[in-house]
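*Asks:* mind looking at a prediction? Sequence and model below.
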Amino acid sequence: TQLLEQSPQFLSIQEGENLTVYCNSSSVFSSLQWYRQEPGEGPVLLVTVVTGGEVKKLKRLTFQFGDARKDSSLHITAAQPGDTGLYLCAGYPSGTYKYIFGTGTRLKVLA
Amino acid sequence: DAGVTQSPTHLIKTRGQQVTLRCSPKSGHDTVSWYQQALGQGPQFIFQYYEEEERQRGNFPDRFSGHQFPNYSSELNVNALLLGDSALYLCASSRGRGTRTEAFFGQGTRLTVV
């Protein structure tokens, strides 16, 4: 059972456009992390959100943790080709030490 | 400060063989987790080691086993390899067992079973 569902699964946009990626679960998470992964490489940590309702900004990336800590979103403003990659949310569902990943969103930004 | 390092980076094995993958955690980290990532999919949790013991396990058969050494480095062993075991194997390290800790990943080992 996949506890973290991401949408959309694939996204292809033009440079300069904005986009939002969603990460949803029926479980509560102590925290959620967002990663970006390029082909053949390990995931690289972008941010950790801990508090319900928290918003974190990393240059053109804005991350939000839902009030109930069951969902999160990643918003990218003015996407650039360098943003291309696989975006993954991940975390520990409450009551478990199994760190699980979302289904992933593959983003392609065209120049 | 070295991050998480994995070896080897690439490996080709024949069906039925056994393989050992290695991971050195980031300095200061004592928890190591292993993941299997098939092409085009997100990583799937195999197991986690803490204090040299397997603490959590995902839905993987007993052919997948591991070990953590006193210096916190870890090995992943896979016996009786199947073609379906071909994947990128990722190691992640973190500090402690808290559920708010961040995991840092190595670059992975690409295993191809032929």
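*Replies:* Cool, got the structure.
*Asks:* roughly how far apart are the closest residue to B:Glu53 other than its chain neighbours and chain A?
*Replies:* Distance criterion CB to CB, 6 or more residues apart in numbering or on different chains; nearest residue to B:Glu53, sequence neighbours excluded, is B:Gln68 at 7.4 Å. Glycine gets a C-beta too; all of them are placed from N, C-alpha and C. Distance, B:Gln68 to chain A, using CB to the nearest CB, to the nearest Å: 15 Å.
*Asks:* ok, residue 74 - how many residues close by?
*Replies:* As the question left the chain open, I've gone with chain A. 23 (other CB atoms under 10 Å in any protein chain shown).
*Asks:* meant chain B, my bad for not saying
*Replies:* 25.
*Asks:* so who does it touch?
*Replies:* Residues near B:Ser74 by CB atoms under 8 Å, 6 or more residues apart in numbering or on different chains: B:22-23, B:25, B:32, B:34, B:49, B:66-68, B:91.
*Asks:* closest to chain A out of the residues you listed?
*Replies:* B:Cys91 (8.2 Å; CB to the nearest CB).
*Asks:* okay, and the beta partners of the closest one?
*Replies:* Under DSSP bridges, the beta-bridge partners of B:Cys91 are B:Trp34.
*Asks:* likewise B:Glu54?
*Replies:* B:Tyr49.
*Asks:* the helix or strand bottoming out on mean pLDDT in chain A near chain B anywhere?
*Replies:* Lowest on mean pLDDT, DSSP states H and E among the helices and strands of chain A sits strand A:100-101, with a mean of 88. Yes: for strand A:100-101, a contact with chain B is found by CB under 8 Å from any CB of the partner chain, at A:100-101.
*Asks:* for that strand, name the packing helices and strands.
*Replies:* strand A:85-93, strand B:44-50 (3 or more CB pairs under 8 Å, 6 or more residues apart in numbering or on different chains; DSSP states H and E).
*Asks:* mind checking how far A:Ile13 is from chain B?
*Replies:* For A:Ile13, the distance to chain B - CB to the nearest CB - is 19 Å.
*Asks:* how many residues are close by that residue?
*Replies:* Neighbour number of A:Ile13 under other CB under 10 Å is 16.
*Asks:* what do you get for A:Phe101?
*Replies:* 26.
*Asks:* shouldn't it be in contact with A:Glu5?
*Replies:* No: applying CB atoms under 8 Å as the test, A:Phe101 and A:Glu5 come out as separate, 11.2 Å apart.
*Asks:* please name the bridge partners of the residue nearest to B:Glu53.
*Replies:* B:Ser74.
*Asks:* now do the same contact list for it.
*Replies:* Going by CB under 8 Å, 6+ apart, the list of residues near B:Gln68 reads B:32, B:49-53, B:74.
*Asks:* scan those and report the most crowded one.
*Replies:* B:Val32 (29 neighbours).
*Asks:* that residue reaches B:Cys23, doesn't it?
*Replies:* Yes: counting by CB under 8 Å, B:Val32 touches B:Cys23, with 5.9 Å between them.
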